[in-house]
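Enquirer: Sequence plus the predicted model coming up.
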Amino acid sequence: MRLYKMKLTITLCSMLMTFSLFAQGPPGGQRGRGGSQDGKSQREKPSALKIMKLLDANDDGQIDRDEASQDKRGKISEDFNQIDTNGDGFIDLEELETSLNDKKPKKISAEKIMKLVDDNGDGTLNELEVAAKNKRQLLKEFDTIDINKDNELDLEELKAFYSKNKNKNKKKKRQRA
């Protein structure tokens, strides 16, 4: 009987200590929400300048693909083509700031699409090249974009398509407002 009471006392004390520890939440008073007590994140987004200093190994003021691959989260390397809006193969401070601060989709450059998708370098895109690069919107709209019906998309056709889509998106935003 005495042994039973001792086991029961130890068990109850252990349970009370455990409950009191868990009731306090994680260290720092974050209460399990990943942020401060009011629910806002304490972790700030790093500045573009800080990211540039961390990743720009050769101090040339630009991040190339090799340097981007050193990003621990892998996000810059993964989104390299979207961040590099001018398509020069480097991310400069302005492009990085735009990427971090911009919530709206990036402007699509017909020249950049041509450069990325044109495997044979002939200055036109055929359906096979578009499918190989998994450009679904272009593939879906291929016949519409191909104005001269030569089964290839040239730079002028791409520019016309993207400018038309840009105007459509602006009209939709105005109608919503």
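Expert: Right, received. Where do you want to start?
Enquirer: Only C-alpha atoms from now on, for both contacts and neighbour counts.
Expert: Fine.
Enquirer: count of residues packed around residue 99?
Expert: By other Cα atoms under 10 Å, 20 other residues sit near residue 99.
Enquirer: Please tell me how far residue 48 sits from residue 61.
Expert: 12 Å (Cα to Cα, to the nearest Å).
Enquirer: now swap in residue 81 and tell me
Expert: In terms of Cα to Cα, residue 81 sits 18 Å off from residue 61.
Enquirer: Please list the residues outside stretch 133-140 that contact it.
Expert: Where contact means Cα atoms under 8 Å, 6 or more residues apart in numbering, the residues beyond stretch 133-140 that reach it are 117, 127, 130, 131, 145.
Enquirer: got a list of contacts for the host helix or strand of the third one?
Expert: Okay, so that is residue 130. In the assignment (DSSP states H and E), residue 130 maps to helix 127-132. Residues outside helix 127-132 that contact it (Cα under 8 Å, 6+ apart) are 117, 118, 119, 136, 138, 139, 142, 151, 152.
Enquirer: Does the first one touch residue 125 like I think?
Expert: Yes. Under the contact definition of Cα atoms under 8 Å, residue 117 touches residue 125, with a separation of 7.1 Å.
Enquirer: what about the two, which has more around it?
Expert: Neighbours were counted for residue 117 and for residue 125 using other Cα under 10 Å; residue 125 has more, 25 against 21.
Enquirer: Could I get the phi/psi values of that one?
Expert: Dihedral angles phi and psi of residue 125 (degrees, to the nearest 10) take the values phi -120, psi 130.
Enquirer: dump the residue contacts of it.
Expert: Applying Cα under 8 Å, 6+ apart, we find residue 125 in contact with 114, 117, 118, 152, 153, 154.
Enquirer: low pLDDT regions in this structure?
Expert: 21-44, 102-107, 165-177 (pLDDT under 70).
Enquirer: Would you map the strands across this structure?
Expert: Along the chain, counting by DSSP state E, strands occupy 62-63, 91-92, 124-125, 153-154.
Enquirer: May I see these organised as JSON lines, with distance to residue 6 added?
Expert: Output for the strands of the chain, formatted as JSON lines (distance: least, Cα to Cα, whole Å):
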{"stretch": "strand 62-63", "distance to residue 6": "66"}
{"stretch": "strand 91-92", "distance to residue 6": "67"}
{"stretch": "strand 124-125", "distance to residue 6": "81"}
{"stretch": "strand 153-154", "distance to residue 6": "83"}
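Enquirer: Domain boundaries for the protein, per the record?
Expert: For the chain, the structural domains run 48-101, 110-171, going by automatic domain parsing.
Enquirer: Could you save those as CSV and add columns showing distance to residue 19?
Expert: Shown next, in CSV, are these (distance: least, Cα to Cα, whole Å):
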stretch, distance to residue 19
domain 48-101, 35
domain 110-171, 53
